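In: Output the structure for:
(2 chains)
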Amino acid sequence: MKILVTDDSRVMRQIVIRTLRQAGYDDHDIIQAEDGAECLAMVGSERPDLVLSDWNMPNMTGIECLEALRASGSQVPFGFVTSEGSPEMRDKAANAGALFLIAKPFTEDTFRDALDGVIA
Amino acid sequence: MTLQQAAEPATQPISELLDAETVQSIADEVWPSLVGDGEAFVPVPVAPPAELVSAWVTISGPWNGAVVVTCAPATAAALTECVLMTRPPMVVDDEDVADALGELANVLGGNIKSVLPGPSALGLPQIGSAPTTGRLDDVRSLVGQWRGNYLTITVQGATPASHTERNEVPQQ
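Out: This next block holds a predicted model:
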């Protein structure tokens, strides 16, 4: 399985990747994007099986990326990993087609709860 | 927790919207997750160092201001080593330190935003000298330490002219 981790913070991308491994998802290909625009391009070129994306990013936000993906016909499974988890944002994410929203700070248990059933 | 309902006009200072216990409880969740197991922000003040560096995110909405993390440059570097789990001979560079301290401010800011009146938008992390504060009563500051090193978490109102200058993401 190929997982695309998108965050403008390299530090946070490393933490997300580390947490994926700690949660037991350690035998998957991990690729990275620095913002929504790069994520959008890489979904087209790399064909990931899952996107984990930050929300607030320069150039193109995570929600704009998800909306652009769905508008283009892509149904790639998409989940947010973001520092904000208000009910309004969760609704907005779900309405745009996100499978889940993991709020920072998170633990490996949070990842397992969100990803079990999504990652084979 | 917060004392204000979301629909109320937002003229109250942060000292009436957010108590120190709420900020501490957020820090208690953030430190173990981001910095590492067993790590904590301890609200016991120590003497400030001569040189300081800050990272912050802005909150724009009914309440306008910033969530600012301030410490010594050496403390920021040590925090970064913990966040990245680096071990010698790996060293962190300035970009890593700015990124890690910025993410610490970002995660604290996102959680603090969620207990303030909304809707509001969170800016992207910035690093440098802390922004100037607005009204004297529009500040909620926790002065404490991490591993014995001076560190503060300050939630501060914007100066009247500054709160419209950076709003990099759309309102949610």
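
In: ok, residue 119 - how many residues close by?
Out: By default, I'm working from chain A. 18 (other Cβ atoms under 10 Å in any protein chain shown). Heads up, the C-betas are built off the backbone N, CA and C, glycines and all.

In: was after chain B, sorry
Out: 14.

In: mind checking the longest helix of chain A?
Out: The single longest helix within chain A, with elements called by DSSP state H, is helix A:10-22.

In: So which residues make contact with that helix?
Out: For helix A:10-22, contacts defined as Cβ atoms under 8 Å, 6 or more residues apart in numbering or on different chains pick out A:3, A:5-7, A:26, A:28, A:30, A:32, A:52, A:54, A:81, A:104, A:106-108, A:111, B:34, B:80, B:83-85, B:95-96, B:99-100, B:103.

In: now, which of those lie within helices?
Out: Filtering the contacts of helix A:10-22 for membership in helices, criterion DSSP H, returns A:108, A:111, B:80, B:83-84, B:95-96, B:99-100, B:103.

In: ChimeraX command for the buried members of the contacts of helix A:10-22?
Out: One line in ChimeraX is enough to select the buried ones among the contacts of helix A:10-22; burial here means 16 or more other Cβ atoms under 10 Å in any protein chain shown:
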select /A:3,5,6,7,28,30,32,52,54,81,104,106,111 /B:34,80,83,84,96,99,100,103
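
In: sorry, back to before: give the buried residues for the longest helix of chain A.
Out: Applying a neighbour-count criterion of 16+ other Cβ under 10 Å, one finds A:10-17, A:19-20 buried in helix A:10-22.

In: Stretch A:65-75 too?
Out: A:65-69, A:74.

In: pLDDT and secondary structure added to the residues you listed, as JSON lines?
Out: Formatted as JSON lines, those follow (pLDDT from 0 to 100; DSSP: H, G, I helix; E, B strand; the rest coil):
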{"residue": "A:Cys65", "pLDDT": "98", "secondary structure": "helix"}
{"residue": "A:Leu66", "pLDDT": "98", "secondary structure": "helix"}
{"residue": "A:Glu67", "pLDDT": "98", "secondary structure": "helix"}
{"residue": "A:Ala68", "pLDDT": "98", "secondary structure": "helix"}
{"residue": "A:Leu69", "pLDDT": "98", "secondary structure": "helix"}
{"residue": "A:Ser74", "pLDDT": "97", "secondary structure": "coil"}
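
In: Return the closest of those residues with respect to chain B.
Out: Set against chain B, the nearest of the buried residues of stretch A:65-75 by Cβ to the nearest Cβ is A:Glu67 (11.6 Å).

In: The closest one contacts A:Ala96, correct?
Out: Yes. Counting by Cβ atoms under 8 Å, A:Ala96 is a contact partner of A:Glu67 at 5.5 Å.
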